[in-house]
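A.B. asks: sharing a sequence plus its predicted fold:
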Amino acid sequence: MSVITISRQFGAGGMTLGERLSKRLCYRYVNEDMIREVAKKVKVSSDHVRAFEKAAGTRLMKFLDKIVSRDFIDRLISEKYGYMDEKGYVDVVRSIIQELYEQGDMVIIGRGSQYILKGCENTWHILLVGDLEHRIRFIADKYQLTDNEAQKAIKRADQIRGHFLDLFSVQGSHDDPLSYDMVLNMRTVSMEKAEELIVELISE
């Protein structure tokens, strides 16, 4: 049983590749599932987890969503829901990812999984990158945005990703190739080729 973690620069196609791999390998695809699991463990709503992740810089924002302020997050304590701060969030995500690792046969998108499962057997860490031009084109086409809108979204998403990964590791370059088993430049590697390369890697 293997676990594949996919870290990606925004616009490099990580979720698309993750979905393809999960179907090809009959693995569980873990992305939105993580939000529901965090909500269950911390006893907050899934909407609150999404809001927290945006405000804490821990989830790539969806386009056209309103940015939720930190003040809003600080007011999430109520009789109906629990409370979630950065440490609590990180602890819960760690425990969930470790549980998923024990189950095996998973494709996990982001959320610091490459750090949490570092050194674990039968785990493969993949990083997808792309130059700015390629990422702008990918996002503009996928979400029907102008190039200018896509570039702004990428800039913001890169900031969010950096802040998020800082919660799980020492601050520094999160795209250091030595942290991954395979780094793919999606400008020159097609989605089909990337899929084949990863399947071959985990089959060795």
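C.D. replies: Noted; the coordinates are in hand.

A.B. asks: CA-only coordinates of the helix or strand containing L197 in CSV, if you can.
C.D. replies: For L197, the element it lies in under DSSP states H and E is helix 191-203. What follows is helix 191-203, C-alpha atoms only, in CSV (Å, rounded to 0.1, in the frame of the first residue of the first chain):
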residue,chain,number,x,y,z
MET,A,191,-0.6,15.8,-17.5
GLU,A,192,-0.6,12.3,-19.2
LYS,A,193,3.2,12.0,-18.9
ALA,A,194,3.2,13.2,-15.3
GLU,A,195,0.6,10.5,-14.5
GLU,A,196,2.7,7.8,-16.2
LEU,A,197,5.9,8.9,-14.4
ILE,A,198,4.4,8.8,-11.0
VAL,A,199,2.7,5.4,-11.6
GLU,A,200,6.1,4.0,-12.7
LEU,A,201,7.8,5.6,-9.6
ILE,A,202,5.6,3.9,-7.1
SER,A,203,5.6,0.6,-8.9
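
A.B. asks: so how far is it from its chain's centroid?
C.D. replies: Mean-position distance between helix 191-203 and its chain equals 19 Å (CA atoms, centre = their mean, to the nearest Å).

A.B. asks: what segments of the protein are helices?
C.D. replies: 14-25, 32-42, 46-55, 70-74, 86-103, 113-116, 132-143, 147-166, 191-203 (DSSP state H).

A.B. asks: still on that earlier bit, got the angle for the helix holding L197 vs helix 14-25?
C.D. replies: Angle of helix 191-203 versus helix 14-25, following axes from the mean of the first three to the mean of the last three CA atoms, to 10 degrees, is 60 degrees.

A.B. asks: name the helix or strand of the protein that has the lowest mean pLDDT.
C.D. replies: When the helices and strands of the chain are scored by mean pLDDT, DSSP states H and E, helix 70-74 comes last with a mean of 39.

A.B. asks: re the thing from before, winner for burial among the helices of the chain?
C.D. replies: helix 113-116 (a mean of 24; mean count of other CB atoms under 10 Å). Using the backbone N, CA and C atoms, a C-beta is placed for each residue, glycine as well.
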